[in-house]
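Participant: Provide a 3D model corresponding to the input given below.
(chains A and B)
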Amino acid sequence: MNDQSNGWSAVQGAAVIILIRLTAFFCCDAPYSAAYALGMLAAAAIQSALMLLLLRIRLPIRGAGEILMRIYAVFCAAFLTGLLLRLYRQLRLVHFAGFVILLLLTLCDTASLQERAAARAAVILLCIAGLGFLLLPVSGIGTARRILLHTPDSVWAGFCREWRYACELPLLLWVRQKQAPDAAKHSTFVWAFVRCIFLPALVLFGAMQNGRLLRFAGNPFFLLLARTPLSDAVRTDGLWMMLAFGCGIVSITFCLQTAMPPQRKKLRKFASAFLPYLFLLGAGAILGADTLLPV
Amino acid sequence: MKIIPLLFIPLLLTGCTDIRRRLSPDLLAVHTGETVSFAAHTSQEDALIAAEAADPLLLTDALGRAAGAEISTGHLTMLAVSGDPCGVTETYLQAQDLAPTCTVLAVDRNACDALRSGSLPAPDQIEAAVQTGMLPCRTADTVIGDLWGGSGVTALTACRGDALTAALYADGQCCGTLSEDACRGLALLGGRYETFAFDAAGTAFRIRHALLRISVHMTDRPEITVSGEIRTEPPLTDAAEKRLAEMLDAALRETVCAAGADLLFLREAALRDGLSAAQSCSQAEWRRMLLESECRIALPLR
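Facilitator: All right, here's what the predicted structure looks like:
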């Protein structure tokens, strides 16, 4: 798993790809139900089988394929930005200007970064998310109801939703290209495991907590947090919100890095010069919003 | 690793704001009529704010204008409603003005006047009744879950004079008040209590362990059966078992057979037990099926 002879290690490759799906998972508006988990599992199994098959054919992405991949990465970044903005609205956070500045900062920082930085940050974030996810079942085991796994919902809708949020699939091929064959194989297996086991299990756990609120017009993950007793004792939603934004920003960074041309010296210089001003502007916007504007 | 500092920037987005301009009510009373009246108690200043608006959704605007501050409803512990409690709860939950674990109380007189006169029960009082198995746990999410995923009938914790009980609501109207036995039976079946003590033939019993299962089978009409095992301290006697069966029977009779209410995940139990009609039938059809159902408690319970 630690093969770093050719670009990213297995863990880094898996982390960056999983983080994109995790961002979509945090921001997704699909209600949790056992049928959704089943649909999710079916879709993820097909996706995993497809990707594992593609592992055997090692076609380098070059020429027109590379251009297409870069364009797709821009779309992916836009998709994730849209999801984050929606989550921002749903959670009724303050300082919208600050949030936009943060995204601009990311854009500039991305241009000045080494490609591996996003992958390293993804590993750290994934570890934090993993630890957080361990807390959830422990805290909510007493309030989970098994009977709620039978709440009527559509498996087909869950299947379609999973495809809708699976924006990381083509990028997996791109990551694979940056890895040694063994590392690529391992990261695809880790990604497939998380998609097929971990996320559907989390949806099942949410279904046992959220129950019949299938028409709830809010974020199901934050509803799950509100239902677990841990949130009553210790306010953990702030931590999760930060984690969701952290995941989103690292994912957008990765997408933008993918989208950028290999020769980007001028862009880097410009971004490095502009970065401190953006930091100042961001701080100014946030402080200004606090002191001058009605909240 | 230059990106790591960026990860701390979302800290700035976590809502650092001037809390002197923000009030977080812990108790909110809403009375719906031709206009909607609001009364809110804020623990920060131990003050009451009252306002009126044309629609329940204008809550934060109306109270904000009256208090001269921004109103944040994230810390509400109890919502007391007179008029249409189900409609108001649904509106606030969908608008995310209400935490899903907030207690909802249906009041039979003007809830705002009751809050002003201090005659509403304290949230701790309701919590204690739930913890001791006197009342079923009826928070906003369970109430709305029954309305959306059950048979369209729900039960709310209700304030009748000075007494606390549970009342059934369908189509925005109260359609019955549950007896004390039915409330205790629902609490027992819901399993959200911490201690459950009861009296039978002059002896006090305390439940140590209860494992109850509801099954739904279809013959010519749905048959709802409660079976399982209850262990008590001192050990269950015939009289105590009869007392428990009475409570469980009252809960099923008054909610399922009398009102067609599905407060105990009966639709889910029916699906689990292979009654596929429960998947596709409408709420009205499911309610009709429940009204025709036969309920029984399978003895022994030990």
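Participant: Confirm A:Cys160 sits in a helix?
Facilitator: Yes: A:Cys160 forms part of a helix when assessed by DSSP: H, G, I helix; E, B strand; the rest coil.
Participant: per-residue confidence at it?
Facilitator: Looking at A:Cys160, its pLDDT reads 93.
Participant: do the one 3 residues further on as well
Facilitator: Among the per-residue scores, A:Trp163 holds a pLDDT of 92.
Participant: That one: which element?
Facilitator: Assessed by DSSP states H and E, A:Trp163 sits inside helix A:155-165.
Participant: does chain B sit close to that helix?
Facilitator: No: applying C-beta under 8 Å from any C-beta of the partner chain, one finds helix A:155-165 separated from chain B by no less than 11.5 Å. The way it works is simple: take the backbone N, C-alpha and C, and place the C-beta from them, glycine included.
Participant: Any chance you could list what contacts the longest helix seen in chain B?
Facilitator: Longest helix in chain B, counting residues (DSSP state H): helix B:238-252. Residues external to helix B:238-252 that are found in contact with it (C-beta atoms under 8 Å, 6 or more residues apart in numbering or on different chains): B:178-179, B:181-186, B:188-189, B:198-201, B:203, B:205, B:212, B:224, B:226, B:230, B:232, B:236, B:295, B:297, B:299-302.
Participant: now for the helix holding A:Trp163, which elements pack on it?
Facilitator: Contact partners of helix A:155-165 among helices and strands, from 3 or more C-beta pairs under 8 Å, 6 or more residues apart in numbering or on different chains; DSSP states H and E: helix A:10-27, helix A:34-56.
Participant: re earlier: now list the buried members of the contacts of helix B:238-252.
Facilitator: By neighbour count, with 16 or more other C-beta atoms under 10 Å in any protein chain shown, those hold B:178-179, B:181-186, B:188-189, B:198, B:200, B:205, B:212, B:224, B:226, B:230, B:232, B:236, B:295, B:297, B:301 as buried.
Participant: Among those, name the ones in helices.
Facilitator: When DSSP H defines the helices, the subset of these inside them is B:Asp181, B:Ala182, B:Cys183, B:Arg184, B:Gly185, B:Leu186, B:Leu188, B:Leu189.
Participant: so which of those comes closest to A:Leu38?
Facilitator: For these, the closest approach to A:Leu38 (C-beta to C-beta) belongs to B:Leu189, at 27.9 Å.
Participant: How about the closest one: what's its closest non-neighbour residue?
Facilitator: B:Leu264 (5.5 Å; C-beta to C-beta, 6 or more residues apart in numbering or on different chains).
Participant: sorry, back to before: with pLDDT and distance to A:Ile46 as added columns, please give the ones in helices among the buried ones among the contacts of helix B:238-252 in JSON lines.
Facilitator: Shown next, in JSON lines, are those (pLDDT from 0 to 100; distance: C-beta to C-beta, whole Å):
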{"residue": "B:Asp181", "pLDDT": "96", "distance to A:Ile46": "53"}
{"residue": "B:Ala182", "pLDDT": "96", "distance to A:Ile46": "49"}
{"residue": "B:Cys183", "pLDDT": "97", "distance to A:Ile46": "49"}
{"residue": "B:Arg184", "pLDDT": "96", "distance to A:Ile46": "50"}
{"residue": "B:Gly185", "pLDDT": "96", "distance to A:Ile46": "47"}
{"residue": "B:Leu186", "pLDDT": "96", "distance to A:Ile46": "44"}
{"residue": "B:Leu188", "pLDDT": "95", "distance to A:Ile46": "45"}
{"residue": "B:Leu189", "pLDDT": "95", "distance to A:Ile46": "41"}
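Participant: For the longest helix of chain B, buried residues please.
Facilitator: B:Ala240, B:Glu241, B:Arg243, B:Leu244, B:Ala245, B:Glu246, B:Met247, B:Leu248, B:Asp249, B:Ala250, B:Ala251, B:Leu252.
Participant: next helix or strand past that helix?
Facilitator: Once helix B:238-252 ends, the next helix or strand along the chain (criterion: DSSP H and E) is helix B:258-259.
Participant: Now do the contacts for A:Ala119.
Facilitator: Each residue near A:Ala119 by C-beta under 8 Å, 6+ apart is listed here: A:Trp8, A:Gln12, A:Gly13, A:Ala15, A:Val16, A:Phe254.
Participant: roughly how far apart are it and A:Asn219?
Facilitator: Counting by C-beta to C-beta, to the nearest Å, the gap from A:Ala119 to A:Asn219 is 27 Å.
Participant: tell me the most buried of the helices and strands packed on helix A:155-165?
Facilitator: Highest mean neighbour count among the helices and strands packed on helix A:155-165 (mean count of other C-beta atoms under 10 Å in any protein chain shown): helix A:10-27, with a mean of 26.
Participant: what packs against that helix?
Facilitator: Applying 3+ C-beta pairs under 8 Å, 6+ apart, one finds that helix A:10-27 makes contact with helix A:64-90, helix A:116-140, helix A:155-165, helix A:169-177, helix A:181-193, helix A:199-210, helix A:237-259.
Participant: what comes up buried for the fifth one?
Facilitator: It stands for helix A:181-193. With the criterion 16+ other C-beta under 10 Å, helix A:181-193 contains buried residues A:Ala183, A:Ala184, A:Lys185, A:His186, A:Ser187, A:Thr188, A:Phe189, A:Val190, A:Trp191, A:Ala192.
Participant: likewise the first one?
Facilitator: By neighbour count, with 16+ other C-beta under 10 Å as the criterion, the buried positions of helix A:64-90 are A:66, A:69-70, A:72-73, A:76-77, A:79-81, A:83-85, A:87-88.
Participant: angle of the first helix or strand past that helix going along the chain against helix A:64-90?
Facilitator: Later in the chain than helix A:64-90, the nearest helix or strand by DSSP H and E is helix A:96-112. On the basis of axes from the mean of the first three to the mean of the last three C-alpha atoms, to 10 degrees, helix A:96-112 is oriented at 160 degrees to helix A:64-90.
Participant: buried set for the helix holding A:Trp163?
Facilitator: Across helix A:155-165, burial judged by 16+ other C-beta under 10 Å covers A:Val155, A:Gly158, A:Phe159, A:Arg161, A:Glu162, A:Tyr165.
Participant: Distance to B:Val81 added to those, as JSON lines?
Facilitator: Conversion of the buried residues of helix A:155-165 to JSON lines gives the following (distance: C-beta to C-beta, whole Å):
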{"residue": "A:Val155", "distance to B:Val81": "37"}
{"residue": "A:Gly158", "distance to B:Val81": "35"}
{"residue": "A:Phe159", "distance to B:Val81": "40"}
{"residue": "A:Arg161", "distance to B:Val81": "34"}
{"residue": "A:Glu162", "distance to B:Val81": "39"}
{"residue": "A:Tyr165", "distance to B:Val81": "37"}
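Participant: quick check, nearest of the residues you listed to A:Gly206?
Facilitator: For those, the nearest to A:Gly206 is A:Gly158 (12.6 Å; C-beta to C-beta).
Participant: Next, the distance between the ends of stretch B:290-301.
Facilitator: Using C-alpha to C-alpha, to the nearest Å, the end-to-end distance of stretch B:290-301 comes to 24 Å.
Participant: Burial check on the residue nearest to A:Ala35 when sequence neighbours are not counted, number of neighbours?
Facilitator: The shortest distance from A:Ala35 to any non-neighbouring residue, by C-beta to C-beta, 6+ apart, is to A:Asp153 (3.8 Å). The burial count assigned to A:Asp153 is 22, neighbours taken as other C-beta atoms under 10 Å in any protein chain shown.
Participant: Kindly report the same for A:Arg116.
Facilitator: The number of residues near A:Arg116, taken as other C-beta under 10 Å, comes to 17.
Participant: wait, what's in contact with it?
Facilitator: Taking C-beta under 8 Å, 6+ apart, we find A:Arg116 in contact with A:Gly7, A:Trp8, A:Gln12.
Participant: what does the model give the residue of the stretch 51-200 of chain A found nearest chain B for pLDDT?
Facilitator: Minimum separation of the stretch 51-200 of chain A from chain B (C-beta to the nearest C-beta) falls at A:His150, amounting to 4.0 Å. Predicted confidence (pLDDT) for A:His150: 93.
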